[in-house]
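>>> here are the coordinates; sequence isn't available:
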């Protein structure tokens, strides 16, 4: 898998053919679909030390959000674009005309170029989100070619080059880093439910591949240190059940590095860990005692209480939030609680899934966890949970 262009063409079809022909022109003299005035006075090409996919990971994640609408197969969550587009950028994030936290060079002409490029993006929620990717990566050229129900276009000039094609039911994206790791990401979500994700390294070798056909059948490949890991299943849920370790330890981190988060299922390791944490949780009295110790005169007691509350976060989060909002809590207590909440934010999604699907009473799941339990403590709490279900 040495040639990025040929591999992309085989896996992703027409848009990849377009991209393979187009890469030579991007980033050179006005580029493809260059905005008016993008020649003289525009900033130079991308910084060789910047990896655009990493820089824009959060912004790309808002576009490439995946869900499991039928409980079995992956789909692009286009409905989330509306809320994401209306969410104001948080303090410290790149506003318009700022690339990666640095002001775009070139004075008034550069600002005019950025403005023209913004007008060359689709007038839609997708266009707003794509603009944020552009701004984050310092792109200053963009082109838009509406054709019937489709809109296709490009942007380049910063640490990331992009070609895209979108209509009401399909999205295709090709993203290439101009510096840093120089990875290439190909993403396609079709109208029939097919989904293709291919991440390549600078040499054109595959890092991660996810292919889902129209019937939901899925195959995944992850390559690291010349070791190839492949798995396939009838659908995404079954893949996570039968190959949870490969998905969670290899594929998930590789895709998260470029902004694509695979949805959790009851068989995902973060969900199983959250179930165990919930089952091991201390009672209300113990949580209250730990909260009181956050304001102890003894520093070791404060540290131990913070650590224990973090370990049992799923059982104590309501009490933690109440203490944070209480005017009676000291500045020390509030600072520690804020730190605990920040550290445990990744646990919120597994916790929500556990509650929505009633997984603490899923006998099949708990029995499977018991069979694969790693410690006597895990076996004990899972056995007790199964006994409660039987009663």
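Good, I have the coordinates. Quick caveat: nothing in here was measured; it's all calculated off a predicted structure.

>>> in which helix or strand does residue 220 reside?
Using DSSP states H and E, residue 220 sits in strand 218-224.

>>> got the buried residues for that strand?
Of the residues in strand 218-224, 218, 220-223 count as buried by neighbour count, 16 or more other Cβ atoms under 10 Å. All C-beta spots, glycine's among them, are computed from the backbone N, C-alpha and C.

>>> ok, so of the residues you listed, who is nearest residue 358?
residue 218 (25.7 Å; Cβ to Cβ).

>>> where along the stretch 101-250 of the chain do the helices fall?
Remark: helices assigned in the stretch 101-250 of the chain by DSSP state H, counting those that start in this stretch are 107-119, 125-137, 236-242, 244-246.

>>> from residue 330, how far out is the residue of the chain positioned farthest from its centre?
The outermost residue of the chain, judged against the average C-alpha position, is residue 297 (41.4 Å), by Cα atoms, centre = their mean. Distance, residue 297 to residue 330, using Cβ to Cβ, to the nearest Å: 12 Å.

>>> quick one: low-confidence residue ranges for the protein.
1-49, 88-123, 148 (pLDDT under 70).

>>> quick one, domains of it?
Annotated domains of the chain cover 4-34+45-262, 264-391 [automatic domain parsing].

>>> deepest of those, which one?
Each of the domains of the chain was scored by mean neighbour count; the highest is domain 4-34+45-262, a mean of 19, by mean count of other Cβ atoms under 10 Å.

>>> quick one: secondary structure of the residue farthest from the centre of the chain?
coil (DSSP: H, G, I helix; E, B strand; the rest coil).

>>> any idea how far residue 340 is from residue 279?
From residue 340 to residue 279 the distance is 20 Å (Cβ to Cβ).

>>> correction: residue 78
Noted for residue 78: a distance of 37 Å to residue 279, by Cβ to Cβ.

>>> what of residue 152?
Per Cβ to Cβ, residue 152 is found 51 Å from residue 279.

>>> packing partners of the host helix or strand of residue 340?
Element membership for residue 340 (DSSP H and E) is helix 331-343. On a contact count with 3 or more Cβ pairs under 8 Å, 6 or more residues apart in numbering; DSSP states H and E, helix 331-343 meets helix 299-311, helix 313-325.

>>> identify all contacting residues around the last one.
Among residues not part of helix 313-325, those counted as contacts by Cβ atoms under 8 Å, 6 or more residues apart in numbering are 274, 277-278, 281-282, 284, 287-288, 290-291, 294, 309, 329, 333-334, 337-338, 340-341, 344, 347, 351.

>>> could you rerun that using 7 Å?
Here helix 313-325 makes contact (Cβ atoms under 7 Å, 6 or more residues apart in numbering) with 274, 277-278, 281-282, 287, 291, 309, 329, 333-334, 337-338, 340-341, 344, 347, 351.

>>> among the helices and strands packed on helix 331-343, which comes closest to residue 252?
helix 313-325 (20.4 Å).

>>> off-centre distance for the closest one?
Centroid displacement of helix 313-325 relative to its chain, using Cα atoms, centre = their mean, to the nearest Å, is 26 Å.

>>> next, the angle helix 299-311 makes with it.
If you take axes from the mean of the first three to the mean of the last three Cα atoms, to 10 degrees, helix 313-325 sits at 120 degrees to helix 299-311.

>>> now the strands for the protein?
Taking DSSP state E as the test, the strands found in the chain are 66-67, 75-76, 98-99, 102-103, 141-147, 150-156, 160-166, 171-177, 184-189, 195-200, 206-212, 218-224, 227-233.

>>> how about these in CSV, adding distance to residue 54?
Conversion of the strands of the chain to CSV gives the following (distance: least, Cβ to Cβ, whole Å):
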stretch, distance to residue 54
strand 66-67, 19
strand 75-76, 21
strand 98-99, 14
strand 102-103, 16
strand 141-147, 21
strand 150-156, 18
strand 160-166, 10
strand 171-177, 8
strand 184-189, 11
strand 195-200, 12
strand 206-212, 13
strand 218-224, 17
strand 227-233, 22
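
>>> tell me which of those strands lies nearest to residue 239.
strand 227-233 (3.9 Å).

>>> who does that closest one touch, helix- and strand-wise?
Where contact means 3 or more Cβ pairs under 7 Å, 6 or more residues apart in numbering; DSSP states H and E, strand 227-233 is packed against strand 218-224, helix 236-242.

>>> which elements pack onto the first one?
Which is strand 218-224. strand 206-212, strand 227-233, helix 236-242.

>>> quick one on the thing from earlier: what's the closest of the buried residues of strand 218-224 to residue 229?
Residue 229 lies nearest to residue 222 out of the buried residues of strand 218-224, by Cβ to Cβ, at 4.8 Å.

>>> ok, the closest one touching residue 206?
No: contact criterion Cβ atoms under 7 Å: residue 222 and residue 206 do not qualify, at 8.5 Å.

>>> show me what the top helix by length along the chain is packed up against.
Using DSSP state H to define each element, the chain has its longest helix at helix 376-390. Other helices and strands packing on helix 376-390, by 3+ Cβ pairs under 7 Å, 6+ apart, are helix 269-279, helix 363-371.

>>> mind checking which of those helices is nearest residue 142?
helix 269-279 (37.3 Å).

>>> off-centre distance for the closest one?
With Cα atoms, centre = their mean, you get 21 Å for helix 269-279.

>>> now that helix against helix 363-371, angle please.
Using the same axes, to 10 degrees: helix 269-279 against helix 363-371 is 90 degrees.

>>> list of residues touching helix 269-279?
With contact meaning Cβ under 7 Å, 6+ apart, helix 269-279 is reached by 244, 248, 264, 312, 314-315, 347, 350-351, 353-354, 359-360, 369, 378, 381-382, 385.
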